[in-house]
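Student: dropping a prediction and its sequence here:
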Amino acid sequence: MIDSRRWLWMAGLLLLGWLLYLLQPILSPFLIGVLLAYLGDPLVDRLERWKLSRTWGVIVVFALFSLILAVLLLVLVPMLGKQLMRLYELAPQMLDWAQHQALPWVQARLGLIDGFWRFDQLKAVFSEHLGKTTDILGMLLSKATASGLALLAWLVNLLLIPVVSFYLLRDWDLLVARLRGLLPRDREGLVVQLASECHEVLGAFLRGQLLVMLALGVMYAVGLMLIGLELGLLIGLLAGLASIVPYLGVVVGIGAALTAGLFQFGGDFYPLLAIAAVFTVGQLLEGMLLTPWLVGDRIGLHPVAVIFAIMAGGQLFGFTGVLLALPVAAVIMVLVRHAHDLYKLSDLYGEPPSASDEPINPA
């Protein structure tokens, strides 16, 4: 009987995976809605503790999210667009600078042979593709409008996100209670414990690490712009996004910022020192203030697990896989931890006999 139940559960899981694979093209708005509802639920719960109804709490949270989105669209997006256009204008000059100054200096220091970099070929390929980027927007628009049905489906999916998020956020506690009520009574405690651990891992990562990313991106961007770096906003936000993996953001950011600083300021030492100071201060604040305050001592996902999960999800299921990657990785991490504990307690692992347990041979 127990074996048949196990096979039934395995068949159910396989069927669920197969259905998710078939429904992959329409899952994105629902997964984004679930993610937004999961992130917004603690805010709504806090508003409920302040004697606000659940519906009005959801409306307040939605208004806050809409205000943040409006600020991003009205302020940040135009500024980023200007910096991207500036990067496009500077790209040929940066290539010439790299060819005639940076790479010859590295070649002389490392003792490389002449023609080692084959930069002429690289520049020709890069310039060819760079010249085509001016037509990217037109190409995308032509492909999007070539199929009115595809454009309509994209707009419907975009409009579905706030609708799905609103209803899920309003009924979040009710849905969780009903799911708990469907659990087998003899397994409810174990499943709830595993779900709580998964929630702790995801909460530490999503609500903690994402806030750390946002704070670092703002600090890096403001600091680099105050120094006068032309691409400061773009590089700062890129470093903040790369901080999804600890220490990757500072490596990417300081490398890109120093390269842009060398090109813009030449051999002037003080702007480069200021760039290094911005990232040093950011790392100190992250280690001493942001991470202890926003993430705490909860166990998050290992950086290698984050990289592998995102790449594997994108490779297997595209954008839908990227959205599912971190929750699935958190569940797998919790299950592996419990499997490890069970293995250590099993007869298969065993414990070598201690010195006091060994039989004493009579002399």
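Tutor: Ah, there it is.

Student: check which element follows the lowest-mean-pLDDT helix or strand in the chain along the chain.
Tutor: Taking mean pLDDT, DSSP states H and E as the measure, the helices and strands of the chain show their lowest mean at helix 136-146, namely a mean of 53. Once helix 136-146 ends, the next helix or strand along the chain (criterion: DSSP states H and E) is helix 148-170.

Student: for Gly228, what are phi and psi?
Tutor: Main-chain dihedrals, Gly228, degrees, to the nearest 10: phi 110, psi 10.

Student: could I get the contacting residues of it?
Tutor: Going by Cβ atoms under 8 Å, 6 or more residues apart in numbering, Gly228 touches Pro271. Backbone N, C-alpha and C define where each C-beta goes, glycine included.

Student: same check, this time on Ala37
Tutor: By Cβ under 8 Å, 6+ apart, the contact set of Ala37 is 165, 168-169, 172.

Student: pLDDT at Gly300, what is it?
Tutor: If you check Gly300, the pLDDT there is 60.

Student: which SSE is the residue most central in space within the chain in?
Tutor: Taking Cα atoms, centre = their mean as the criterion, Ile244 is the residue nearest the geometric centre of the chain, at 5.1 Å. Of the helices and strands defined by DSSP H and E, none includes Ile244.

Student: isn't it right up against Met213?
Tutor: Yes: taking contacts as Cβ atoms under 8 Å, Ile244 lies within contact range of Met213: 5.9 Å.

Student: which residues do these two both contact?
Tutor: In contact with both Ile244 and Met213: no residue, using Cβ under 8 Å, 6+ apart.

Student: hang on, the earlier thing: looking at the contacts of Ala37, spot the one nearest Gly255.
Tutor: Gly255 lies nearest to Ser165 out of these, by Cβ to Cβ, at 36.8 Å.

Student: what packs against the helix or strand hosting Cys198?
Tutor: Here Cys198, judged by DSSP H and E, is contained in helix 188-202. Counting by 3 or more Cβ pairs under 8 Å, 6 or more residues apart in numbering; DSSP states H and E, the packing neighbours recorded for helix 188-202 are helix 303-345.

Student: neighbours around Tyr88, how many?
Tutor: Using other Cβ atoms under 10 Å, Tyr88 has 12 neighbouring residues.

Student: likewise for the one 3 residues further on?
Tutor: A count of neighbours around Ala91, defined by other Cβ under 10 Å, yields 14.

Student: remind me which residues of the stretch 201-350 of the chain are low pLDDT?
Tutor: Counting by pLDDT under 70, the stretch 201-350 of the chain shows low-confidence ranges at 267, 295-301, 319-320, 323.

Student: ok, now with 80
Tutor: Within the stretch 201-350 of the chain, the stretches with pLDDT under 80 are 201-209, 244-247, 266-268, 287, 290-307, 310, 313-328, 330-331, 346-350.

Student: same question for the stretch 51-200 of the chain.
Tutor: 86-157, 184-187, 200.

Student: how about 90 then?
Tutor: Judged against pLDDT under 90, the low-scoring parts of the stretch 51-200 of the chain cover residues 51-55, 57, 62, 64-165, 172-200.

Student: buried residues, the helix holding Cys198. List them.
Tutor: By 16 or more other Cβ atoms under 10 Å, the buried positions in helix 188-202 come out as 194-195, 197-198, 201-202.

Student: likewise stretch 222-242?
Tutor: Buried residues in stretch 222-242, counted by 16+ other Cβ under 10 Å: 223-225, 227, 229-242.

Student: over to stretch 253-271?
Tutor: 253-254, 256-265, 271.

Student: now do the spatially closest residue to Phe317 that is not a sequence neighbour against Leu35, distance only.
Tutor: Sequence neighbours aside, Gln24 is the residue nearest to Phe317 in space, at 5.8 Å (criterion: Cβ to Cβ, 6 or more residues apart in numbering). Between Gln24 and Leu35 the computed distance is 16 Å (Cβ to Cβ, to the nearest Å).

Student: one more: Val251?
Tutor: Distance of Val251 to Leu35, computed by Cβ to Cβ: 27 Å.

Student: which residue of those two possesses the greater neighbour count?
Tutor: The residue with more neighbours, out of Val251 and Leu35, is Leu35; 18 against 13, by other Cβ under 10 Å.

Student: remind me which helix or strand the more buried one belongs to.
Tutor: With DSSP H and E as the test, Leu35 turns up in helix 24-49.

Student: report the buried residues of the next helix or strand after that helix.
Tutor: Next in sequence after helix 24-49, counting helices and strands by DSSP H and E, comes helix 54-71. Going by neighbour count (16+ other Cβ under 10 Å), the buried part of helix 54-71 is 54, 57-59, 61-62, 65.

Student: do the same with stretch 270-290
Tutor: For stretch 270-290, burial by neighbour count (16+ other Cβ under 10 Å) applies to 271-272, 274-275, 278-279, 282-283, 286, 290.

Student: of these, closest to Leu152?
Tutor: Out of the buried residues of stretch 270-290, the member with the shortest distance to Leu152 (by Cβ to Cβ) is Leu290, at 42.7 Å.
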